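In: Any chance you could fold what I've pasted below:
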Amino acid sequence: MTLNDLGWNKKFQKAFDTLSLKNCVPARLIRDNKITYGALFIDEEADVCEREVIMSGKVYHAAATDADLPAVGDWVALELADNDDGESMIRARLPRQTCFSRKLPGKSTMEQVIAANVTVVVVVTDAGADFNPRRMERYFMLVHRSGSKAVVLVNKSDLFSNEENQAAADKIKSLNESADVYITSAAKNEGLEVLKDYLKPGVSVTLVGSSGVGKSTLVNQLLGEEFQWTSDVNELTGKGRHTTTARELILLDGGGILIDNPGMREIQMWTDEQTLRESFLDVEELAAQCKFHDCKHGNDKGCAIRAAVDSGLLDAGRYESYLKLDEEIEKLEQRQKKLRQLSERRAKRDHRVKARNLADRIDLGKEEAPEWR
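Out: Reported below is the predicted structural model:
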């Protein structure tokens, strides 16, 4: 077993060498326990070792936001304890080569890292109640921004007709021609060989999707054991209960690295306008055909987008999704701008207060200094 089997490469090695940290080894984080982390590293006998580790204060204070803190999938410089009673310490986090993340749910302006340094993001859905093209568009945007490959599994095919499964797969494919879309049944162990094709030595794959779409069953099938407890499907809703409670990186015996995630209820945007444009090239190309460059795509004459919607060339739901995402990204950028301005004002205020307090101490020292005659 080598570091390369854990996802290591020349770029990580170069970043690690630049740190010039003594008594440190490369390690990959497999679990976030809030206070501690689970980490994998290769010992002198070329065996994979797991150890509970903690983060140094320097790493914590150097992080501008929570998203800059170590996360599952990250490579770190780890200082190993001399004995079993000591604490192994994360001394630095290596730069991420990819990062799949979303905006924290709610009105937050903060980023939440879902999985770091993953090559493939597998979105699991089904042809039933979970099928939602608008949510899939959000997934595709986040995957695109992360720099990873998008793969979609239309799972639980045994619960739906061939026509329903194929219709769902075709619709998803139409949203992103570069994505790989497959029809699978984890419960019946059908179609999973396509996922194994991505799980090669050193390749990191993360599973995401709603609760109850079969992610835990997929993990169990890949591992060949009941790694994640899974529940029966509700006959009314067609969904299983949520079974994965924490993110975890799993090293597969046959090669490949799998990161399982809890179900995601909200797919809020953590991206920019450029990614939106690239993800909706069909809408952008139509907008370029409008008669006027400042067309509002409403009642303006010569609007190519409105004509495409009226003729059925452009799906009305997709265009509405585009407008909603554009508004959501704009609001996020505005909130981030206000937050930066507030932080800058607070920093300036704190600087003035410190300067004033220092001046007062200097003046007080002059008044109390003894007079030498």
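
In: Which secondary structure element is home to the nearest residue to residue 88 once chain neighbours are set aside?
Out: Using CB to CB, 6 or more residues apart in numbering and skipping residues adjacent in sequence, the residue nearest residue 88 is residue 53, 4.3 Å away. Just so you know, the C-beta spots here come from the backbone N, C-alpha and C atoms, and that holds for glycine as well. Here residue 53 sits within strand 48-55, counting by DSSP states H and E.

In: buried set for the helix or strand that that strand is followed by?
Out: Next helix or strand after strand 48-55 toward the C-terminus (DSSP H and E): helix 57-62. Residues residue 59 are the ones in helix 57-62 that count as buried (16 or more other CB atoms under 10 Å).

In: OK, contacts around residue 169?
Out: 152, 154, 181, 182, 183 (CB atoms under 8 Å, 6 or more residues apart in numbering).

In: Confirm residue 125 sits in a helix?
Out: No - counting by DSSP: H, G, I helix; E, B strand; the rest coil, residue 125 is not part of a helix but strand.

In: any idea how far it is from residue 161?
Out: The gap separating residue 125 from residue 161 is 16 Å, by CB to CB, to the nearest Å.

In: Compare neighbour counts for these two and give me the winner.
Out: residue 125 (24 against 10; other CB atoms under 10 Å).

In: Just the pLDDT for residue 359.
Out: The per-residue pLDDT reported for residue 359 equals 65.

In: meant to ask about residue 177, not that
Out: Looking at residue 177, its pLDDT stands at 90.

In: How is this protein divided into domains?
Out: Using automatic domain parsing, the domain parsing of the chain gives 3-93, 99-260, 272-373.

In: if you compare these, which one is most tucked away?
Out: domain 99-260 (a mean of 19; mean count of other CB atoms under 10 Å).

In: which stretches of the stretch 151-300 of the chain form helices?
Out: With DSSP state H, counting those that start in this stretch as the criterion, the stretch 151-300 of the chain has helices at 162-175, 193-196, 215-223, 273-279, 281-287.

In: Give the other helices and strands that the shortest one contacts.
Out: Packed against helix 193-196, as judged by 3 or more CB pairs under 8 Å, 6 or more residues apart in numbering; DSSP states H and E, are the following elements: strand 180-183, helix 215-223.

In: so residue 92 touches residue 78, yeah?
Out: No - using CB atoms under 8 Å, residue 92 is not in contact with residue 78, being 9.2 Å away.

In: Next, show the common contact partners of these two.
Out: The contact sets of residue 92 and residue 78 overlap at residue 24 (CB under 8 Å, 6+ apart).

In: rewinding a little: go through the contacts of residue 169 and say which is closest to residue 129.
Out: Compare each of the contacts of residue 169 with residue 129 using CB to CB and the shortest gap goes to residue 154, at 13.1 Å.

In: what about that closest one, distance to residue 193?
Out: From residue 154 across to residue 193, the span is 15 Å (CB to CB).

In: what's the offset of stretch 157-164 from the middle of its chain?
Out: Taking CA atoms, centre = their mean, to the nearest Å, the mean C-alpha location of stretch 157-164 is offset from the chain mean by 30 Å.

In: contacts for it?
Out: With contacts defined as CB under 8 Å, 6+ apart, stretch 157-164 is touched by 126-128, 165, 183-185, 187-188, 190-191, 233, 238.

In: mind running it again at 7 Å?
Out: 127, 128, 165, 183, 184, 185, 187, 188, 190, 238 (CB atoms under 7 Å, 6 or more residues apart in numbering).

In: With stretch 7-20 instead?
Out: So stretch 7-20 is contacted by 26, 28, 75, 77, 92, 94, 95, 97, 117, 202, 204, 257 (CB under 7 Å, 6+ apart).

In: repeat that with 10 Å
Out: 2-4, 6, 24-26, 28, 40, 42, 73, 75-77, 91-95, 97, 117-119, 201-204, 249, 251, 256-257 (CB atoms under 10 Å, 6 or more residues apart in numbering).

In: got the contact list for residue 64?
Out: Counting by CB under 10 Å, 6+ apart, residue 64 has no contacts.

In: ok, back up a step: in its sheet, what does the strand holding residue 53 sit against?
Out: strand 37-42 (antiparallel), strand 88-93 (parallel) (DSSP bridges).

In: and stretch 169-178, how far out from the chain's middle?
Out: 21 Å.

In: can I get the CA coordinates of that stretch in PDB?
Out: Presented in PDB, the C-alpha positions along stretch 169-178 are these (Å, rounded to 0.1, in the frame of the first residue of the first chain):
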ATOM      1  CA  ALA A 169     -32.400   9.400 -17.100                       C
ATOM      2  CA  ASP A 170     -33.000  11.100 -20.400                       C
ATOM      3  CA  LYS A 171     -34.200  14.300 -18.700                       C
ATOM      4  CA  ILE A 172     -31.200  14.400 -16.500                       C
ATOM      5  CA  LYS A 173     -28.900  13.900 -19.400                       C
ATOM      6  CA  SER A 174     -30.500  16.700 -21.300                       C
ATOM      7  CA  LEU A 175     -29.600  19.100 -18.400                       C
ATOM      8  CA  ASN A 176     -25.900  18.200 -18.700                       C
ATOM      9  CA  GLU A 177     -24.500  16.400 -21.700                       C
ATOM     10  CA  SER A 178     -21.100  16.000 -20.000                       C
END
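
In: now the stretch 101-250 of the chain, which segments are flagged as low pLDDT?
Out: Across the stretch 101-250 of the chain, the ranges flagged by pLDDT under 70 are 104-109, 225-246.

In: In it, mark out all the strands, start to finish.
Out: In the stretch 101-250 of the chain, the strands defined using DSSP state E, counting those that start in this stretch lie at 111-116, 120-126, 149-155, 180-183, 204-209, 248-251.

In: List of residues touching the last one?
Out: Strand 248-251 is contacted by residues 1, 5-7, 28-32, 38-40, 48, 50, 72-74, 115-118, 204-206, 219, 222-223, 227-228, 256-261 when judged by CB under 10 Å, 6+ apart.
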